[in-house]
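**Q** Give me a model of this one.
(2 chains)
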Amino acid sequence: MTDLVDPHAVNAPGDPVLAPDPMHGSSHITSTGISNEKLAMWIFLGSECLLFGGLISTFLLYKEKSAGGPELHDLFDIAFTSISSFVLLMSSLTMVLAVSAIQRGDHRALRSWLLVTALLGSVFISGQVYEFKEFLNEDLGFTTSPASSAFYALTGFHGAHVTIGIIMLMSTLILSLRGRITQQKAEAVEIVGLYWHFVDVVWILVFTIVYLIK
Amino acid sequence: MTTPTGSSGAVPASSTAVPVGEPIADPVGQGAGADTHHGPSDGYYIRIAVALAVITAVEVAWSYLPWDDWGDSSLLVLAEVGGLIAMMVVKFVIVASNFMHLKFDDKILTRVFYAGLTLAIGVYIAALLTFELFSGEAPGFL
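**A** Residues are numbered from 1 along each chain as shown, chains lettered A, B, ... in the order given. Take a look at the predicted model:
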């Protein structure tokens, strides 16, 4: 962190660049011009690719190993999952509209879009819980077969990420209601949005690889 | 106010970077009442979402096509799976570029994210090859 800089200062070669600080509404010096928080979130998301890559690979290896239990593709309800996927996809739109709203300084719209995004996320999670319950009724438990273990691990981890995202959205909403999210702190909402969009792009992969490709 | 400076040690290209020699007009960056709104309009995002919804609908319809009735040639399998993967990649890139702002932000963020993604894809394709997934053989320990 740094103090305010002389407004008449000239940026010299190799000088670090001011980046907005999302949590405090001021600026701090970074060598990239990107705030540390935003860069950290992107690095975290890059590392998350490895986590989900491992889970998807495991699923690909085991998806046909039903060990006498029900076959996954016989149980999938593609129409239902398509609607869930559509809901999550649209939550990405409402999230980006929330970011756009706070960048304009429109707090009312920010709160509305955050709430809608959290609700859409909750609808997606409810759908996943319903799907898991249906599978359990069909005797497909976590330990039924290698295929079911890989399926529940992958979709369960994704569901946990969505749940954490909903908590982040509700926390941001509460902070906004308390007046702690100002237009100058718009990047804090953008960082929450990055996480939310990431769970959406992961589901884009999961939906195609797990559900659509037989 | 512009002051000539040396050519070495250039500041990395950035949407928020101040070019060498240029005055720092806003010493607190996007703070202190500055208008922080940047990027496309809401209408642009809605058009992107409509495009994503259309691709998803095509993707689902594609999976419902009676591929099995049309034969079992490898070309058909390639068309079925390849088509789905192509649409998946397009959706992924659209969301990452537009909703995650990679298209509008500093290129270093694109590099960080896609480096992680490329590493993941490389590592796991290697792992899947080790288990001979693409040969149709079951892993030996199963």
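**Q** after the helix or strand containing residue A:173, next one along is what?
**A** Assigned by DSSP states H and E, residue A:173 falls within helix A:146-177. Per DSSP H and E, the first helix or strand lying C-terminal to helix A:146-177 is helix A:186-206.
**Q** What pLDDT is listed against the closest residue to residue A:88 other than its chain neighbours?
**A** The shortest distance from residue A:88 to any non-neighbouring residue, by C-beta to C-beta, 6 or more residues apart in numbering or on different chains, is to residue A:124 (4.7 Å). (Glycine included, C-beta is placed from N, CA and C.) For residue A:124, the pLDDT comes out at 98.
**Q** Just give me the neighbour total for residue A:124.
**A** 28 (other C-beta atoms under 10 Å in any protein chain shown).
**Q** And the helix or strand where it lies, what's buried?
**A** According to DSSP H and E, residue A:124 maps onto helix A:107-137. Residues of helix A:107-137 classed as buried: A:107, A:109-114, A:116-118, A:120-125, A:127-128, A:131-132, A:135 (neighbour count, 16 or more other C-beta atoms under 10 Å in any protein chain shown).
**Q** tilt between it and helix A:186-206?
**A** 30 degrees (axes from the mean of the first three to the mean of the last three C-alpha atoms, to 10 degrees).
**Q** got the contact list for stretch A:132-145?
**A** A:62, A:65-70, A:72, A:75, A:77, A:148-149, A:152 (C-beta atoms under 8 Å, 6 or more residues apart in numbering or on different chains).
**Q** what helix or strand does the residue in chain B that chain A sits nearest to sit in?
**A** Among the residues of chain B, residue B:116 lies nearest to chain A; the distance is 2.5 Å by C-beta to the nearest C-beta. For residue B:116, the host element (DSSP H and E) is helix B:107-130.
**Q** model confidence over that helix, on average?
**A** Mean per-residue pLDDT for helix B:107-130: 89.
**Q** And for stretch A:38-52?
**A** Mean predicted lDDT for stretch A:38-52 stands at 91.
**Q** next one: that stretch to chain centre, how far?
**A** 11 Å (C-alpha atoms, centre = their mean, to the nearest Å).
**Q** Can you pull the poorly scored residue ranges out of chain B?
**A** Across chain B, residues meeting the criterion (pLDDT under 70) sit at B:1-38, B:134-142.
**Q** returning to that earlier point: what helix or strand does the residue lying closest to the residue of chain B closest to chain A once chain neighbours are set aside sit in?
**A** Nearest residue to residue B:116, sequence neighbours excluded (C-beta to C-beta, 6+ apart): residue A:46, at 2.5 Å. Per DSSP H and E, residue A:46 falls inside helix A:36-62.
**Q** on that earlier part again, quick one: residues contacting the residue nearest to residue B:116.
**A** Residue A:46 is in contact with B:112, B:113, B:115, B:116, B:117, counting by C-beta under 8 Å, 6+ apart.
**Q** now the fourth one: how far from residue A:161?
**A** If I follow you right, that is residue B:116. According to C-beta to C-beta, to the nearest Å, residue B:116 and residue A:161 sit 16 Å apart.
**Q** what's the angle from the helix or strand hosting residue B:86 to helix B:107-130?
**A** In this assignment (DSSP H and E), residue B:86 forms part of helix B:74-94. Relative orientation of helix B:74-94 and helix B:107-130, computed by the same axes, to 10 degrees: 150 degrees.
**Q** Give me the buried stretch members for helix B:74-94, please.
**A** So for helix B:74-94, counting by 16+ other C-beta under 10 Å, buried means B:80, B:84, B:87, B:88, B:91, B:92, B:94.
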